[in-house]
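[1] sharing a sequence plus its predicted fold:
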Amino acid sequence: ADGAVAIAGKSFSTELCEPADPAAVKDIPAAVSGFTGYASEPGAWLDQPEASALTGKRVALSVMGLGQPYFLAIKGHWERLAAKYKFELKVYDGRFDAGTVQKLVDDIISDAPDAVAFAPLDSGAAVPQVKRMLEAGLKVVTYNVQPTEVVAPRVFANDFDGPRIVGCNAARYFKEKFGDKPAVIGIVDLPQLPQVQDRKNGFLYGFKSLIPTAVVAQSVDGGGVIDKANPAAADLLQGNPTLNVIFGINNDSSLGAIAAMKAAGSYSPDWGVVASVDGSEPVMSELGSDASPLKAESGYPPYDFSLATFNLLAATVEGKTNPNTQVVVGYPPISPTEEGIKTWLTQQYPR
Amino acid sequence: MSVSASSYDKKSKNSLQNGEGNSVQSQSVWRSIIADRQKLQTIVTLLVLLLMIIVFSFFNPRFLTLSNFQNLARNTAPLIIAASAMTAVMIARGLDLSVGSVLAACSVVAASLAVKGVPLPLAFLAALAFGAFIGFLNGAIIVKMRVSPIIVTLGSLNIARGIAYLITPSAILVGLPPNWSTLGTTKIGPFPMPILIAAVVALVYSWASQKTKFGKHVYAVGGNEEAARLSGVPVERTLISLYVLSGMMAALAGIVLSTRVGSGDPNIGVGFELEVIAAVIIGGTSLSGGEGRIMGTVIGAIIVGVLSNGLNLSGVEPFWQYVAQGMVLIAAVVVDKRVNEGVLRIGRRRPRAA
Amino acid sequence: MSVSASSYDKKSKNSLQNGEGNSVQSQSVWRSIIADRQKLQTIVTLLVLLLMIIVFSFFNPRFLTLSNFQNLARNTAPLIIAASAMTAVMIARGLDLSVGSVLAACSVVAASLAVKGVPLPLAFLAALAFGAFIGFLNGAIIVKMRVSPIIVTLGSLNIARGIAYLITPSAILVGLPPNWSTLGTTKIGPFPMPILIAAVVALVYSWASQKTKFGKHVYAVGGNEEAARLSGVPVERTLISLYVLSGMMAALAGIVLSTRVGSGDPNIGVGFELEVIAAVIIGGTSLSGGEGRIMGTVIGAIIVGVLSNGLNLSGVEPFWQYVAQGMVLIAAVVVDKRVNEGVLRIGRRRPRAA
Amino acid sequence: MSSIDLAEPAPRTETGQPVLQAFGLSKQFPGVRALAGVDFDLMRGEVHCLIGENGAGKSTFVKILAGATQPDSGEILVRGVKAEMAGPRDAKELGLAFIFQELSVVDGLTVAENIVLGSEPGARGRFDAQSATATARKILLGIGFDTLDPDMRVGRLSTAEKQAVMIAKALCANADVIVMDEPTSPLEEQEVRQLFQVIATLKQQGKAIIYVSHKMREIEEIGDRVTVFKDGAKVATLNRAEATPRELIRLMVGRDLGDIFPAKDRQPGREVLKVSGLSGARIRDIDLSVRAGEIVGVAGLVGAGRTELLRSIFGADEVVHGEVSVDGELVPANSVRGAIRSGIGLVPEERRGQGIVGVLSVFDNVLLPWQEFPDSRRDNGEPEIVARQAVESMNVKTPSIRQRISLLSGGNQQKVVVGKWLTMKTRVLLLDEPTRGIDIGAKREIYKLIHDLAKSGLAILLVSSELPEVLGLCDRILVLNNGYAVGELPGSASEADVIELSMLHGGQS
Ligand SMILES: Nc1ncnc2c1ncn2[C@@H]1O[C@H](COP(=O)(O)OP(=O)(O)OP(=O)(O)O)[C@@H](O)[C@H]1O
Ligand SMILES: Nc1ncnc2c1ncn2[C@@H]1O[C@H](COP(=O)(O)OP(=O)(O)OP(=O)(O)O)[C@@H](O)[C@H]1O
Ligand SMILES: [Mg+2]
Ligand SMILES: [Mg+2]
C-alpha cells in the first residue's frame, strides 16, 4: 500500500472543485470579510523591477504580528528589498492586538513617512485607520487583510478560495484513503477575525463539495496560538471521538492539533486528515511525513505579498494608482511531494 | 481629682514648645515640600516624564512637534479616563480588571445602536449605562458576597468580552452615521476633543477625591476599612459607587476610543487593564490602598503613552521594543522612588545639621 | 535564667487545664474542622470542583472518562506548576506578572539549545537557570529598590517576551531532537508525565510551606513584614528566593508545555499570568498576603482547567464560552465563600446550644 | 480646657435614669466565651470604669455597645429605649461615641480628616476642610495636644499622637455617652492629666463615660463606679468608696496580689551591653551601659527618641554613627539578625504592627527566632515542647498553642512576644512599653519575670511611659530629651526628678 504522502501526492490538485450537491454548501457564507472582487490589476507585480520609486524614501511597514513566521518572512523580504533599492525601512509590529495597531497608525502619522505598507488586523477597523493615514497626506497601500471598503490600493489573497482548494484536496485525500467512511469535521478556529471566518467557510465549501455528507462536529476557539490551540484541540478530540477531519485556521492551530493528537495517541495517518493554511516550515515537514495525518495545505505566500506590495507602493508613490487598484496574489496549494515543498519554501521562506 | 494637674500643664507646654520649636522652623521649607508626600511623589514622577521626553526628542525630531503631542494626547485620553477611575478604586483597596473588556463591549453597544439609527447622544448614554451596570454588578458582588475583586472582575472581563463578540464578532463600521467620529477627531483650538474629555474626567476625579466627603471616604475605606466602618462611613455604598464609576469611565474611554478610530470594535482593549494598572502604580498609588493621587495617575498614563510612542518614533526594532519598554518602565519607577527618598532624606537630615 | 521557670510552669499548666478545658472539649468536633480555616476553605473549594465535574458530566458522557482526565491533567500541569510558585509569592505579599513571558522565553531557550545539539537535560537546566535568573532580577529589584512588584514584573513581562522573540521570532520545531516530546507526552501507568511533575512540584511546595522554616518565614513575611524582620526572619532573602523559584517554576511550566506541544515558541503564555492568579485566588490565597495553601491552589488550577475543558466538551459556542467562563468563575468563588461561612457559622453556634 | 465648652444641647436624659443599660449580653467566639450574661448600667454624669484581666471581655462588651460586634443574646437600652444596633452608624446616631482599644485611625488622612471622619462638615457633599481644621484645632487644644498640626497626615504621628486623634474624634461626635477602651495606654503622665480634665468637664456637662483601664491609679482617681469583669462575666459593681485597689485586684484576680513590684534585690555583675556614641535619624551620640542583672530604664517625653534608641541598638533603625557591643563583642551595625545572634532581643512598642504576625499561630510566633537561629537556642528540644514551655512560663491564656495569635487578647499577645525571646540565649532584653495594655495581674507577673530574668543574669533596658513602672523596676534611669541623653538618675529617684530632667529645655539642639 502507498504511504500517506504518496496518496496525498496522487490526489493532489491545484484546481478548485465544484459542489457535487449544491444543497450541502448552500448555507456556507461565501465571504465575510468584505469581498470586493478578485480581479487583479494587470501588470508584472511579482517581478523585481530595474528601479523603484521607493528609492531614497522613508517607508513604514506594519505587520499584524512579528511572532508569526509569515510576517517574519515578510519583514525579511522587505529588508532585502530595502537593501537592494536603497530606501529607509521602519517596521511596526501590531502584536496581533487591536489596540497596538490603533496606536501604531497614529505613530506612523506622526512620523510622516513617504510611503506606508499597512497590514490591517480587522477588515472593518482598517477602513477608518487607512482613511486617517490618507487624510494625513500619506501614501498608503494595504496588504494581507483587505479593508471592507475600498479606501486605498491593496494586495490580498482570496481567503475563501485558497482554503477552498485545501478543502478540496483534503476531501480528495480523504476519499482516496478512507473511501466512503463518513467524514466528521472539527475546526480549530479563531472566531473573532473575519478573515479567518472566510478561511473556515472556504475550507468547508471545498470539502463538502466533494463529500456532501460531511458534518461539522464542533468549532473550538484555539486563539490562533499554539499554547491555546493545543488544549482546545485536545478538548475537541476528546469530546468528539468520531472526528476524522481537522481544519486549523492557521499553522499554529493545526500544529496545536497535531500535538494534541500525539498526546492522545491518535497521531497517525490512519486517523483521518488534518488540513490548514499558511505553509510555514514546520507544517511542511508534517506535510511531507508519512507518519503525519496533516496532508493538505495551501500556502499564504510571503514573498508574493511582499513583492506585490512593494511594487504597488512604488506605483502609488508615483501617483499611478487609484483607490481601486488591487493586486490579488495566489494562495497556492502545496504539493505534498518533496519537490513541491522545496519549491515553496525556497521562494517564500528563504533562510 | 485634678491634684497635680496645673503644675504638669505648664511645664509640659513649655517643653513642647521649646523642645520642638527650633527644629520645626528650620525645617519649614522642606516640611512644606515633604509634608504632603503624595504631592512630592507626583512632582518627582513629573520629572521622570520630562526626562523621558527629553531623551526621546533626541532620537527623532518629530517627537517634539505639536502634531505628535496631539497624537499622544488623543491616544492617551482613554487611558487617562479609565486610569482616573481605577485610581479611586485602588485607593479604596479595590481592583477592576474588567475595564478593557467593558471598554470593548461599550464600544460595540454604542456603535450597534448608532447603526440602527439611534441618535448618537442616546447611543452614548446607553453605552455609559451599560458600563455602569457591569460596574454595579462587579461592586455588588464584591461587596455583598465579600469575594476577591480580582476574581469577580476577571469573571466580568470574560463576560463583557463575550457580550462584545456576541453583539458583533468584528468591527462595526458600515452604516455608522457621519458624525460618529466627531467626538474623537475634532479639536478645540489645538486640543483634540478626547484629551479635553480626559482632562475634565481627571479634574473632576481629582477635585472629588480631595474636596468632597465621598473622596475622604474613599481614602478612609482603603486606608483602614474597619476604622472607616466604625466611624460610620458607608463603606459598602462607597465601594459600589467606585465600581459603578469605573465601569462608566471604561465605557467613556470606549466611546472616545471608538469615535477616534471610527468604528465599534469588540477586539479592542485586550490587556488594557494592565496598562491602566501600570499607569496608576507609576502615578504613586499602591495595591494596598489608602494612598494615591489622580494627578499622579495622569502623569503615569502619559508616561505609558510616551513610552510606546517614543519607542516607535525612535525606530527601535520591534522585538527590542519589548525589552526597552520593560526596562524603561522599571527604570522610571526606580528613579522615581530613589529621587523621592533622596529628597525625603535630605529633608530629614536638615535639623540634625542645624 | 531558668530560676523562675519551674514555679511559672506549674501555675500555667493548671490554668490551661482548668480555665479552658471544658469548652475545648465540647467543641472538639467542629473545632478540629474550623481550627484550620485554611484547611476548611480548601475542602469547600474541592466540593465546588466536584460540583462542576458532576454538572459537566451531564452534558457530555465523554467528560467523565480516563482519557479526558489524562487530557485535563496534561493541560493543567503547567498551570499547577506556575500557580504553586505564585501562591508562595502571594502568601509573602508579592506578585509575579512575568510568568507567562518567562515561560515563553524559557521554552525557546530550551528549544534553541536542543536544536543546536545540546543534550536535552542540559538544555532544560539552562532554561531553568534562565527562569531563575529573571526571577532573581525581579526579586532583587523589588526588594532592594522597594518598588512595586506589579511594575517590576510587568516590566520583566515585556523584557522576557522581547528576549523570547529575539532568540527566535517564531516557533522552533524543525530540528528538535526526536526525544523532545518525551517529557510532555509519555505516561507512567495511567498518569501523563506532566501531571506527575506538577504533582511533585505541588507536593514539595505544600510540604515546604507547612513543614519548613522557610515556609513559616513566607507566611510571616506576608502576614507582618515588620514583625517578621524584628524576629530575625531574613525578609529580603525569603522574598528574593520566592521570586527566583517563581521564575524557575515558570521555566519548568514552559518546558512541560513546549514538550507537550512539540515546539519552542515565543508566542505562548500570553495572558497566562491572569490564569495563574485566578487559580491562586480561587484556591483561597489573597493579595493581602499571610494566608493561603498550595493545595487550595492546585484545586483552583484544576477548576480553571475543568472550566474550559468542560465548556468545550459541552459544545458551548466559543463566544458564549467567554460569558459562561466568567459566570462560572464568579459563581465558584461565591459558592465557595458562602459554604465556608456557613460551616463556620454552624460551628460557632454549636456551643451555644450545648 | 474650656475650649470644649461645646455649646451643648440640653441633656436628653432625666437625671437618675440610666442613659444606657445592658441586660444579659453574651458573646461566644470559636473556642472562647467572651461574654456571659453581662448586666450593666450607666448613669448621666458618671464615669463608670471597667476593669478585668486581659481577655475578661471588656473590649467585646465595648464593641457590642458600638454595634461593631453582634451579641449572641441580650439587649441594650439607650435612654430606656431598646436599641437595635446593626452597625456602628446606629450607635453613633444614638449618641454614643467610642475610643476603641485598637488604634483605628486612617494613616492616609490628616489629623483633622480623621477627627471628623463619618460626620464631615460641609454642604451638599463638599468637604469643608477649613471647618474641619478649625474643629480639630479646637478639640485638640481642649485635650492639650495643640501642638499637633491638624493638616499633618496621621501616618506620620507617634502612637501617642494617634491616640490623641482618637480621643479628639470621640469628643468631636458630641455624644451623650463616651466609651473609652484603654485610652491612656500610649499616653504620658501629663497627657493623661489633660485627658482627665477633659473627662471632668464632660461630666459636668452631664455626659456619661465608660472608662476601661488596667491602671489602678486612674480608676481610683476618676471612677464614680467600677465594674469588674472576670472570664466574661460581671463580678461586681462597686461604688467609689468601696473600690480600693486592693479590693479591685482581689475581685479581678481572685486573690490578693501583695506588692506589685518585686524587691530590688539584684546584684548587678559585669557590663553586658555597651553603647557608645550611637546616633541615628532622631538620636544623637548616646552612651550607655547595662550590666548583667541590671534593669536600666529609659525615660523621656513622647518623641524623645526612646523607641529609636532601642530599635537602633537592635539594628532595626539606621545607625549612622556609634557602636554597640555585648559582653565586649561588637554587634554588627544595622542588622537585626546580627543583634539577635549577639544575644539581643527586642519587645517592640506596637504589638499589632511590629510584635506579632497576626495570621500565624501562637506556636509559630513564639518560635520565629528559635527556628531561625539554631545556634542561639536556649533549649534544643522538640519545637512543640519549647513553644509550650514558653507559653506556659508566660502564663498565656489560649485555648491551644495552635490558636491564631490575633484572636488572643492584647495582654496575652504581649506575653507571647516576650516569651519569644525566652526560648533564646538572650543576654540583653530591650523592652519598649512591655506592659502597655496589660492587666494588673499579668503586669505583676511580667514585673516579676523581668526581675527574675535580670536576676538570672540578663541585662535589661526598659522604656516605659508609666513612671511608677520605671521607678519601681529599674536600678538606674537614663533620661532622653529630644534625642540626647540628658542625664541619669538612680532607681530611688522620685517621679518629680525624672519629669524635671525630661523637660529640661531643648536638650542640646
Ligand atoms: N474575633 C474574635 N474571635 C475569637 N476570639 C475573640 C475575638 N475577639 C475576642 N476574642 C476573645 O474573647 C475574649 C475576650 O476578649 P476581649 O478583647 O473582650 O478582652 P479584654 O477584656 O478587652 O482584654 P484586654 O484587657 O487584654 O484588652 C478573649 O479571650 C479573646 O481572645
Ligand atoms: N516614620 C516616622 N516619620 C516621621 N516621624 C516619625 C516617624 N516615627 C517617629 N517619628 C517621630 O520621631 C520622634 C521620635 O520617635 P520615637 O518613637 O523614637 O520616640 P519615643 O520617645 O519612643 O516616643 P513614643 O512615646 O511616641 O514612642 C517622635 O516625634 C515621632 O513622632
Ligand atoms: Mg480590651
Ligand atoms: Mg516609643
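    Okay, I see it. Numbers count the residues shown, from 1 in each chain, chains lettered A, B, ... in the order given. Ligands and ions are numbered 1, 2, ... in the order given.
[2] make it CA atoms for all contacts and neighbour counts henceforth
    OK.
[3] any part of stretch D:386-399 near chain C?
    Yes - using Cα under 8 Å from any Cα of the partner chain, stretch D:386-399 reaches chain C at D:Q389, D:E392, D:S393, D:M394, D:N395, D:V396, D:K397, D:T398, D:P399.
[4] can you list the residues of the stretch 151-300 of chain A near ligand 1?
    Within the stretch 151-300 of chain A, no position is adjacent to ligand 1 by Cα under 6 Å from any ligand atom.
[5] rewinding a little: Throw the residues of stretch D:386-399 next to chain C into a markdown table and include secondary structure and pLDDT, thanks.
    Listed next are the residues of stretch D:386-399 next to chain C as a markdown table, based on DSSP: H, G, I helix; E, B strand; the rest coil; pLDDT from 0 to 100:
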| residue | secondary structure | pLDDT |
| --- | --- | --- |
| D:Q389 | helix | 89 |
| D:E392 | helix | 87 |
| D:S393 | helix | 81 |
| D:M394 | coil | 78 |
| D:N395 | coil | 79 |
| D:V396 | coil | 84 |
| D:K397 | coil | 82 |
| D:T398 | coil | 85 |
| D:P399 | coil | 86 |
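[6] in PyMOL, select just the buried ones from these.
    Only the buried entries of those go into this PyMOL selection, using 16 or more other Cα atoms under 10 Å in any protein chain shown:
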select buried, chain D and resi 389+392+393+394+395+396+397+398+399
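[7] point out where the stretch 1-150 of chain D drops to low pLDDT.
    Low-confidence segments of the stretch 1-150 of chain D (pLDDT under 70): D:1-16.
[8] quick one: the strands in it?
    Ranges of strands within the stretch 1-150 of chain D are D:18-29, D:32-43, D:47-52, D:73-78, D:81-82, D:96-99, based on DSSP state E, counting those that start in this stretch.
[9] among the residues of stretch D:386-399 next to chain C, which one sits closest to C:K116?
    D:Q389 (61.4 Å; Cα to Cα).
[10] please tell me how far that closest one sits from D:K425.
    15 Å (Cα to Cα, to the nearest Å).
[11] can you check D:R404 too?
    26 Å.
[12] quick one: find the helix or strand in chain B with the lowest mean pLDDT.
    helix B:5-26 (a mean of 37; mean pLDDT, DSSP states H and E).
[13] quick one: list the elements packing against whichever strand or helix holds B:P194.
    Secondary structure from DSSP states H and E places B:P194 in helix B:193-211. Under the contact criterion of 3 or more Cα pairs under 8 Å, 6 or more residues apart in numbering or on different chains; DSSP states H and E, helix B:193-211 touches helix B:66-91, helix B:182-185, helix B:213-223, helix B:294-313.
[14] for ligand 2, which of those is the nearest?
    Proximity of the helices and strands packed on helix B:193-211 to ligand 2 was assessed by Cα to the nearest ligand atom; the nearest stretch is helix B:213-223, lying at 16.5 Å.
[15] average pLDDT for that closest one, rounded please.
    The pLDDT scores in helix B:213-223 average 94.
[16] can you state the direction angle for it and helix B:66-91?
    70 degrees (axes from the mean of the first three to the mean of the last three Cα atoms, to 10 degrees).
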